[in-house]
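let's see this in three dimensions:
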Amino acid sequence: MESFLQKHYVRKKKSMQTVARELGCDCALVDYYMRKYQIPRRSISEARRLQSNHFRDVEIKEAKGVQSWIRAPMKTKRCSKCGKEKQLNEFYKSKINTGGHASQCKTCWKKQVKVYYRVNVEKIKKYFKEYSKTLHWKASAKKHSHNRRALLNSCEINDLTSTQIKTLLSAARVCTLCGRPFNDNERKKTIEHDVPVCRGGDNTLSNVQIACKSCNSKKGRKTSLEFAAHP
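Numbering: from 1, shown residues only. Modelled structure (predicted):
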């Protein structure tokens, strides 16, 4: 039992609960043997912290002379491009890279982006020109614009998503204010709030509708009922 605990709990840094599951026994029995063999116990949060890639192994000695392993926070990282050891704030954060930071430092990454842009400048411009015409880009741009306005006006509900906007734009056939169809390219579809955000309206699906650009501009700060009464 002592060798099993030393292997899985101390060296492999597994939690006491995980060791108990592997042995098929209760945590109380594992705790009894750990006390018997004077093995310091850890909590689940400490075990997860030890297994994280954000930390490096550092060996320390306990007061009783029993060696255990903990991991100290990683403060520096070596750039894979220039090979220099730098602080973590000199690396961009990344969810897909080990340790939560990019493999290249910010300086090397910026240089690489500049070189790529110079070589592929025409290709990049063509791509963004075509992408700006897609419904996905329009919905995303409208979402960010409305979110900004909602934050500036302190809206209580601000849960309008780009998927909802995309669905509204693709399904709309006529303007909700004037009733004219969107059958030509001159009349652009816009997201319009029934109760304006500047007057306390929420930036949510139940408070938005599709209107043509001219009607949206004419409506201004009015509600839909006010606009219908005095267009």
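
once you drop chain neighbours, what's closest to residue 215?
Of all residues not flanking residue 215 in the chain, residue 177 sits nearest, at 4.0 Å (C-beta to C-beta, 6 or more residues apart in numbering). Where C-beta positions appear, they are placed from N, C-alpha and C, glycine not excepted.

the one you found is in contact with residue 224, isn't it?
Yes: using C-beta atoms under 8 Å, residue 177 is in contact with residue 224, at 7.2 Å.

select the helix or strand of the protein having the lowest average pLDDT value.
Least confident element among the helices and strands of the chain, by mean pLDDT, DSSP states H and E: strand 55-61 (a mean of 42).

I'd like to know which elements the longest helix seen in the chain is packed against.
Secondary structure assigned by DSSP state H gives helix 135-152 as the longest helix of the chain. Secondary-structure packing of helix 135-152 (3 or more C-beta pairs under 8 Å, 6 or more residues apart in numbering; DSSP states H and E): helix 162-171.

would you mind getting the angle between the helix it packs on and helix 135-152?
On the basis of axes from the mean of the first three to the mean of the last three C-alpha atoms, to 10 degrees, helix 162-171 is oriented at 120 degrees to helix 135-152.

would you mark the buried spots in helix 162-171?
Neighbour-count burial for helix 162-171 flags 162, 164, 165, 166, 168, 169 (criterion: 16 or more other C-beta atoms under 10 Å).

so what are the domain limits for this structure?
2-73, 76-119, 133-229 (automatic domain parsing).
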